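A.B. asks: I'll drop the sequence and a predicted model, then ask my questions.
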Amino acid sequence: MKINLKELSTKYDNIAVVIHTRPDGDAIGSAIGLYHGFSMVGKEIDLLCDMEIPRKMSFLYGTDKFKTTVEKKYDFVIFSDCGDPSRVGNIDMDWRSTKTMCIDHHQSSTNFCDIPNVDPSSASTCQLVLDILEENQIEITPDVANCLYAGLMTDTGNFSHTNATAKAFSDASKLCNYGACPNVLNRRIFKLMEGNKIKLLGNTMSNLKFFEDGRVAFFYMSLELLEKLEVGSSASEGLIDFALSVENVQIAIAVMQSADKTFKVSLRSISDIEVNRVAEHFGGGGHKQAAGCTLNGYYEDVKDKLIRQASFYTI
Ligand code: AMP
Ligand code: MN
Ligand code: MN
């Protein structure tokens with residue numbers, strides 16, 4: 001067994017799982033899966049994320065366990081779905097002086113942990129956690145199956161990206177056998193639009209810009225727009241898929257102004273185009289078809305730089 005939960009729980013006193021900022025279903029689901037695994041071997045661990053779990057995901061079992069601040073010294077820290085320590089955002093912890101482990105699937109994962117478990121061939125971190133739970137013969141309850149399914153579902157773009165492989169479907173099938181409920185998760189995570197999100201969808205799509213003969217689609221959400229429509233930053237999630245669904249579009253780019261005036265960039269691409277390379281050029285990362293980065297500077301410069309870089313990858 002590669003990761004023995006019982007052994008870890010007796011070897012270390014204070015264990016934490018930390019996930020990336022702006023947490024997605026995979027980060028959240030994988031951490032809850034680990035929380036469950038440890039609790040089944042009698043160990044209470046902490047889950048850390050530098051921001052509140054988005055309201056959209058907060059129906060998932062275990063999301064109330066997350067803490068946004070570090071209140072104790074940990075002697076073992078697991079970075080889940082987190083390819084680089086900078087991705088934890090404002091979690092303030094001296095992780096260099098503790099034993100660390102990674103459970104991750106990002107291609108761009110840096111080798112920063114004492115015990116790396118990085119499998120870029122896996123569509124989601126939740127599948128790696130599913131393997132760990134099964135290897136440790138932990139009972140997977142329907143609640144936990146839903147959390148893991150939610151992560152697999154979000155990271156495969158609802159089973160539509162190239163990482164929706166036979167393995168992704170067989171793991172989804174396993175999770176259904178453990179009690180996951182795809183129709184409920186699909187509606188809550190992919191279909192439901194909270195509050196004024198539908199207005200943001202209308203606004204962004206009617207202002208969609210095209211470049212490179214329609215191969216690159218681009219839209220921008222300023223702080224002013226988000227405030228005017230009374231939507232939070234999480235309302236932007238999923239809108240980019242509409243841009244990518246336009247005929248001939250190969251790369252979609254969404255830029256959102258954050259409260260600190262930096263620009264949070266999301267990138268999506270159709271098969272064969274590795275949009276993570278565009279993100280990596282700007283110090284970000286992600287997966288072949290879904291990646292992101294954060295940029296500073298003037299909006300017009302940011303936009304031009306992104307479009308120029310993306311144009312190198314269109315075919
Ligand atoms: P998003 O567009 O925010 O849904 O992110 C898509 C993918 O890119 C996710 O797998 C993220 O983990 C990754 N990603 C987003 N932003 C960054 C960043 N600043 N640095 C590295 N990876 C990122
Ligand atoms: Mn993630
Ligand atoms: Mn992931």
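C.D. replies: Arrived safely, thanks for sending. Numbering: from 1, shown residues only. Ligands and ions are numbered 1, 2, ... in the order given.
A.B. asks: count of neighbours near the closest residue to N296 other than its chain neighbours?
C.D. replies: On the basis of C-beta to C-beta, 6 or more residues apart in numbering, the spatially nearest residue to N296 that is not a chain neighbour turns out to be T262, at 5.4 Å. In this view, the C-beta of every residue, glycine as well, is placed from N, C-alpha and C. Look at T262: counted by other C-beta atoms under 10 Å, it has 14 neighbours.
A.B. asks: which residues does I132 contact?
C.D. replies: 2-3, 5, 33-34, 37, 103 (C-beta atoms under 8 Å, 6 or more residues apart in numbering).
A.B. asks: of all the residues you listed, which two lie farthest apart?
C.D. replies: Pairwise distances across these peak at 15.4 Å for K2 and G33 (criterion: C-beta to C-beta).
A.B. asks: got the contact list for the residue located most distally from the centre of the chain?
C.D. replies: Among the C-alpha atoms of the chain, the one most distant from their mean position (C-alpha atoms, centre = their mean) is that of D213, at 30.7 Å. When contacts are counted by C-beta under 8 Å, 6+ apart, D213 is found next to N248.
A.B. asks: so where's the stretch 1-150 of the chain shaky on pLDDT?
C.D. replies: Screening the stretch 1-150 of the chain residue by residue with the criterion pLDDT under 70, one finds the ranges 1.
A.B. asks: which stretches of it form helices?
C.D. replies: In the stretch 1-150 of the chain, the segments counted as helices under DSSP state H, counting those that start in this stretch are 5-11, 25-40, 125-135, 142-155.
A.B. asks: mind putting the contacts of I132 into a markdown table with distance to ligand 3 and neighbour count?
C.D. replies: A markdown table is the format used below for these (distance: C-beta to the ion, whole Å; neighbours: other C-beta atoms under 10 Å):
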| residue | distance to ligand 3 | neighbour count |
| --- | --- | --- |
| K2 | 19 | 9 |
| I3 | 18 | 20 |
| L5 | 21 | 24 |
| G33 | 13 | 29 |
| L34 | 14 | 24 |
| G37 | 18 | 25 |
| I103 | 10 | 28 |
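A.B. asks: turn these into TSV, columns for distance to N14.
C.D. replies: Below are those laid out as TSV (distance: C-beta to C-beta, whole Å):
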residue	distance to N14
K2	22
I3	18
L5	15
G33	20
L34	15
G37	17
I103	18
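A.B. asks: of those, just say which sits nearest to S97.
C.D. replies: With C-beta to C-beta as the yardstick, the closest approach to S97 among the contacts of I132 comes from I103, at 20.6 Å.
A.B. asks: partner residues bridging that closest one?
C.D. replies: As for beta bridges, I103 partners with S80, N117 under DSSP bridges.
A.B. asks: for it, list the residues it contacts.
C.D. replies: For I103, the contacting residues are 3, 30, 34, 78-81, 117, 125, 128-129, 132, taking C-beta under 8 Å, 6+ apart as the criterion.
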